[in-house]
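[1] sequence plus predicted model, see below.
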Amino acid sequence: MLIPKLSNTLFVDLLDAAQKTLRSAGYQTLIGVTHYDGAQEEQLLREQLMHRPAGVLLTGLNYSDATRSLIERSNVPCVHLMDLPDHTDTLTPHCVGFRQSEAGAAMTRHLLDRGYRRIAFAGAQLDPRVMQRLYGWRTTLQAAGLYDATLEWLNPASSSLALGSVMFEQIIGQQPRIDAIFFCNDDLAQGALLAALRMNVAIPKQVAIAGFNDLPGSDQMFPTLTTIRTPRAEIGRAAAELLLSLMKPQGEPEKLIDLGFELVARGST
């Protein structure tokens, strides 16, 4: 099983659920951490395939041609977690997750429905899932005639409370007319809420704040954080079950399992 990070609760939840499911079926799990690096992912996969595993779990769908070739030539069953492709054909891999762009669009519509019009997007890490959320935000605002490219705040640094605090201060300082900020991850949004307390910025009266993933602590912030709840444990469990079914010689299980997401409206919007 290859995941981008072990320090991110999101991937720990995936790993824990998948590992428990596989362990109960008699399988051990070899874990590789890619650090969002395609070259590392390819090397880790190459090394793990040397152990002749019964199956492989990969995070996401954005991988190199070399990695794709490794999977195809190995003939090892493989399931992808978190992302779903926009289109399905005979070459579509087995996937369990939800559509990130739809979740990004849903949060943006929520903010529009609440009456916010100057809505910024603050993204960190900038991995493919973050960029899909950005796409959902962007296309929704474009459809509403409210898109402004200057309200995209993108930083390739790792997502963290500290970075969220800095980004909030930057956005408020340079975009005083902003009325809502959609952060790509809850730790950024949590940092923004803490910065707002220090700066005496009333949330949501002056600026609304929204996050993504419903990480631990988001329901304890002041005010409580509006976010997208993602079914990480369910995805890990379902992906492991799908992989187990692929290991059996009979039958062909479904290609895509969409577990959806839930918009959780709280006090910050």
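    Arrived safely. Residues are numbered from 1 along each chain as shown.
[2] sketch out the low-pLDDT regions of this protein for me.
    Scanning the chain with the threshold set as pLDDT under 70 gives 88-90, 251.
[3] domain ranges for it?
    Residue ranges for each domain of the chain read 2-98+231-260, 100-229, as given by automatic domain parsing.
[4] what's the offset of the longest one from the middle of its chain?
    Meaning domain 100-229. Domain 100-229 has its C-alpha centroid displaced from the chain centroid by 14 Å (Cα atoms, centre = their mean, to the nearest Å).
[5] packing partners for the one helix or strand residue 142 maps to?
    Residue 142 is part of helix 128-143 when elements are defined by DSSP states H and E. In terms of contacts (3 or more Cβ pairs under 8 Å, 6 or more residues apart in numbering; DSSP states H and E), helix 128-143 is packed against helix 100-113, strand 119-124, strand 152-155. Heads up, the C-betas are built off the backbone N, CA and C, glycines and all.
[6] contacts only, for residue 107.
    136-137, 182, 210, 212, 226, 228, 263 (Cβ atoms under 8 Å, 6 or more residues apart in numbering).
[7] about what we covered before: which one of the helices and strands packed on helix 128-143 lies nearest to residue 35?
    strand 119-124 (14.7 Å; Cβ to Cβ).
[8] sheet partners, orientation included, of the closest one?
    Partner strands for strand 119-124, per DSSP bridges, with pairing direction: strand 152-155 (parallel), strand 180-183 (parallel).
[9] of those strands, flag the one that's most buried.
    Using mean count of other Cβ atoms under 10 Å, the stretch among the strands paired with strand 119-124 with the greatest mean number of neighbours is strand 180-183 (a mean of 29).
[10] what does it rub up against?
    For strand 180-183, using Cβ under 8 Å, 6+ apart, the contacting residues are 104, 107-108, 111, 114, 116, 118-123, 137, 164, 167-168, 171, 189, 192, 204, 207-212, 269.
[11] C-terminal to that strand, what's the next element?
    Toward the C-terminus from strand 180-183 - assigned by DSSP H and E - lies helix 186-199.
[12] which one of the domains of the chain is the most hemmed in?
    Among the domains of the chain, the stretch with the highest mean neighbour count (mean count of other Cβ under 10 Å) is domain 100-229, at a mean of 19.
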